[in-house]
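> After the sequence you'll find the predicted model.
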Amino acid sequence: MPVLNEIDYLEHAVASVLSQEIDGPSELILALGPSTDGTTELAERLAAADDRIRLVDNPAAHIPVGLNAAIRASSSPVIVRVDAHSELSPGYARRAIETLERTGAANVGGLMRADGRSPFQSAVARAYNSPVGLGGGAYHGTDREGEAESAYLGVMRRDVLDEVGLFDESIRRGEDWELNLRIRQAGHTVWLDPQLSVTYWPRESWWRLARQFRATGAWRGELVRRYGRSNGIRFFAPPALVLNVAVAVIVAVLQLSGALPTTAALIASIVYLPLALYVLLVLAMALRPGGGRTPRERLWTLAVLPTMHLSWGSGFLTGVLRGARDTVDASRLGSQNTPLP
């Protein structure tokens, strides 16, 4: 479990791991980044109270670096990746190990069940759980078990991880997708079991959500530069939206300034059609029965979806054009928070 500034979530995440019942010994290794909110001190108290918890340092605070440090410090034949911002469902580890044995897969994952504690976070969770929000990846909602492109978090065979070389530490986001690509290219299977589920707590503020999605988009752009067509077509929808917005702004300026002849201005107006359809889609998401329990939550839905799509899309274009370079997800840092009720 890589950990950075998770004071509000770490204890629950750790409890969900330690409550898992499996045959044989287990250990929980926390890769500690340089937290500033008391998370490190909390982790030390938790480790002192339970000898199954071990701590390793992750001074760079990068997820794949922390994951590799924790894996190298472990001695188990099965690696269960966990997130400090999530909680495993009861029986998760036992079923995942059984699924590994039953299918012969190298990596098994389940469903991400996003949830929220505030109107804003609940709106983000609904976007995560919807195909409109994150593009319909299988682990965001399906009842079909079978081979998959990637796995959320993942329960992995240690020998396969050693064979393919662990996580690529040069990739700051999307490292799980890239690892699963190498696993599949090595002739192994990645498996989705929808009976497995993990509760995920999204970012708590608009600013942090935007920073997270911009960084994630930039690294997806980097992965497109590296792996090209191995990336699914759904990844190209947000950057297409960003380009559509940019073209629409240029057309609007030309129309308002009179720079376009009447006929050309009318023809150019077609650029607004995809945006109008997108606005209707966002409105439908906010107004439908699952769009929110209160008017405030529905308003947040109207803000959350464009934030996710435009932040991700702009980051993607940057990543494709110049590479992700030193882009990091700084959404766990800083103090800008959306006020909670």
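All right, it came through fine. Remember, predicted model here, so these are calculated numbers, not experimental data. Numbers count the residues shown, from 1 in each chain.
> From here on, just use CA atoms for contacts and neighbour counts.
OK.
> tell me which element residue 179 is part of?
helix 175-185 (DSSP states H and E).
> What's the first helix or strand after that helix?
Reading on from helix 175-185 to the C-terminus, the next helix or strand found by DSSP H and E is strand 190-200.
> Adjacent strands (with direction) for that next one?
strand 86-88 (antiparallel), strand 107-114 (parallel), strand 146-147 (antiparallel) (DSSP bridges).
> I figured residue 199 hits residue 86, correct?
Yes - Residue 199 is in contact with residue 86 according to CA atoms under 8 Å; the separation is 5.3 Å.
> lowest-confidence helix or strand of the protein?
Lowest on mean pLDDT, DSSP states H and E among the helices and strands of the chain sits helix 131-134, with a mean of 80.
> ok so, going back, want to throw the strands paired with strand 190-200 into CSV with mean pLDDT and distance to residue 204?
Converted to CSV, the strands paired with strand 190-200 look like this (pLDDT from 0 to 100; distance: least, CA to CA, whole Å):
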stretch, mean pLDDT, distance to residue 204
strand 86-88, 94, 14
strand 107-114, 94, 12
strand 146-147, 94, 33
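> Throw these into a markdown table and include distance to residue 49 and mean neighbour count, thanks.
Below are the strands paired with strand 190-200 laid out as a markdown table (distance: least, CA to CA, whole Å; neighbours: other CA atoms under 10 Å):
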| stretch | distance to residue 49 | mean neighbour count |
| --- | --- | --- |
| strand 86-88 | 20 | 23 |
| strand 107-114 | 29 | 26 |
| strand 146-147 | 39 | 14 |
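> between these, which one is nearest to residue 245?
Nearest to residue 245, of all the strands paired with strand 190-200, is strand 107-114, at 28.8 Å by CA to CA.
> Starting from residue 49, give me the distance back to residue 7.
Computed as CA to CA, to the nearest Å, the residue 7 to residue 49 distance reads 17 Å.
> What are the boundaries of the helices in the stretch 151-300 of the chain?
158-164, 175-185, 206-227, 237-257, 262-268, 272-287, 295-322 (DSSP state H, counting those that start in this stretch).
> from the ones you listed, which stretch is densest packed?
helix 206-227 (a mean of 23; mean count of other CA atoms under 10 Å).
> Now it: average pLDDT?
In this model, helix 206-227 has an average pLDDT of 93.
> for the least confident helix or strand of the chain, packing partners?
On a contact count with 3 or more CA pairs under 8 Å, 6 or more residues apart in numbering; DSSP states H and E, helix 131-134 meets helix 119-129, helix 295-322.
> ok, of those helices, where does mean pLDDT dip lowest?
For these, where the average pLDDT is lowest is helix 119-129, sitting at a mean of 90.
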